[in-house]
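S.K.: how would this look folded up:
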Amino acid sequence: MGLHTFNVDERALTAGLVETESNGGAISAGLGAQIFFLTIGARGRMGFFEAWQIGRVGGELGFRIPIGFVEPRFDLGAGYAALGNFNGVVAENVDIRGFYARAGAGVDFFPVNVLSIGGHASFDFMGLTRPGLDPTQIQAIANDPDSGDVSEAERQALALEGSGYGASFAIQGTIGLHFP
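M.R.: Numbers count the residues shown, from 1 in each chain. Model prediction:
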């Protein structure tokens with residue numbers, strides 16, 4: 001996960017107080033319907049990283065190619081993304097959220113008619129913003145021992161709205177239940 005993959009000024013988004021790159025795990029759950037080769041539904045994803053978590057929820061449109069007990073699939077999704085569970089006082093004062101757009105591909109194997117087991121790879125593009133903080137919020141972060149020394153430049157960055165464009169790449173194993 002890179003919160004500033006397409007934006008070189010990472011301090012505008014996080015003011016240098018939150019890591020902007022990390023590796024970690026993710027879980028995902030979706031619910032939808034399949035009409036012939038087309039699937040439509042909703043999906044929620046949660047990514048777990050050392051300094052924060054990112055949640056995404058949105059709609060999904062997919063295309064499946066049934067070839068016996070094997071089904072290659074392709075999907076597109078978009079929706080809302082938000083970072084949370086930062087360490088320390090930063091969690092109470094910094095709010096980073098925005099949108100995501102995702103493209104993915106995978107393959108499912110059907111050992112029985114209602115159960116699929118497979119793999120999926122996806123790429124997410126995100127546009128995230130952080131509202132500017134008021135002086136009391138900035139002072140709370142500066143007084144927090146976990147934040148370290150907050151420089152004047154970081155204080156000024158926190159007072160202004162920040163934005164960034166990032167990306168993530170995920171490879172996941174999948175298990176699906178399919179009802180006729």
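S.K.: where does the chain dip in pLDDT?
M.R.: Applying pLDDT under 70 to the chain flags the ranges 1-20, 86-93, 145-148.
S.K.: Quick one: the strands in it, in order.
M.R.: 25-35, 38-48, 53-64, 70-84, 97-112, 115-130, 162-177 (DSSP state E).
S.K.: in the fourth one, what counts as buried?
M.R.: The one in question is strand 70-84. 71, 73, 75, 77-79, 81, 83 (16 or more other Cβ atoms under 10 Å). Placement of C-beta: from N, CA and C, glycine included.
S.K.: From the chain's centroid, how far away is it?
M.R.: Taking Cα atoms, centre = their mean, to the nearest Å, the mean C-alpha location of strand 70-84 is offset from the chain mean by 10 Å.
S.K.: angle of that strand against strand 25-35?
M.R.: 130 degrees (axes from the mean of the first three to the mean of the last three Cα atoms, to 10 degrees).
S.K.: Then the last one?
M.R.: When the same axes, to 10 degrees is applied, the directions of strand 162-177 and strand 25-35 differ by 60 degrees.
S.K.: elements contacting strand 162-177?
M.R.: helix 10-14, strand 25-35, strand 97-112, strand 115-130 (3 or more Cβ pairs under 8 Å, 6 or more residues apart in numbering; DSSP states H and E).
S.K.: now it: how far from the chain's centre is it?
M.R.: Put simply, strand 162-177 sits 6 Å off its chain's centre (Cα atoms, centre = their mean).
S.K.: and if you look at the fifth one?
M.R.: Using Cα atoms, centre = their mean, the distance from the centre of strand 97-112 to the centre of the chain it belongs to is 13 Å.
S.K.: buried ones in it?
M.R.: For strand 97-112, by 16+ other Cβ under 10 Å, it's 97-98, 100, 102, 104, 106-108, 110.
S.K.: any idea how far Gln172 is from Ala159?
M.R.: From Ala159 over to Gln172 the distance is 39 Å, taken as Cβ to Cβ, to the nearest Å.
S.K.: again, but for Glu71
M.R.: In terms of Cβ to Cβ, Glu71 sits 16 Å off from Gln172.
S.K.: Now distance to Val150 too, for the helices and strands packed on strand 162-177, in a markdown table please.
M.R.: A markdown table is the format used below for the helices and strands packed on strand 162-177 (distance: least, Cβ to Cβ, whole Å):
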| stretch | distance to Val150 |
| --- | --- |
| helix 10-14 | 12 |
| strand 25-35 | 31 |
| strand 97-112 | 22 |
| strand 115-130 | 15 |
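S.K.: Among those, which comes closest to Asn143?
M.R.: Among these, helix 10-14 comes nearest to Asn143, with 18.6 Å by Cβ to Cβ.
S.K.: buried residues in stretch 126-145?
M.R.: The neighbour-count check on stretch 126-145 (16+ other Cβ under 10 Å) flags 126, 128, 130, 133, 137-138, 141-142, 144 as buried.
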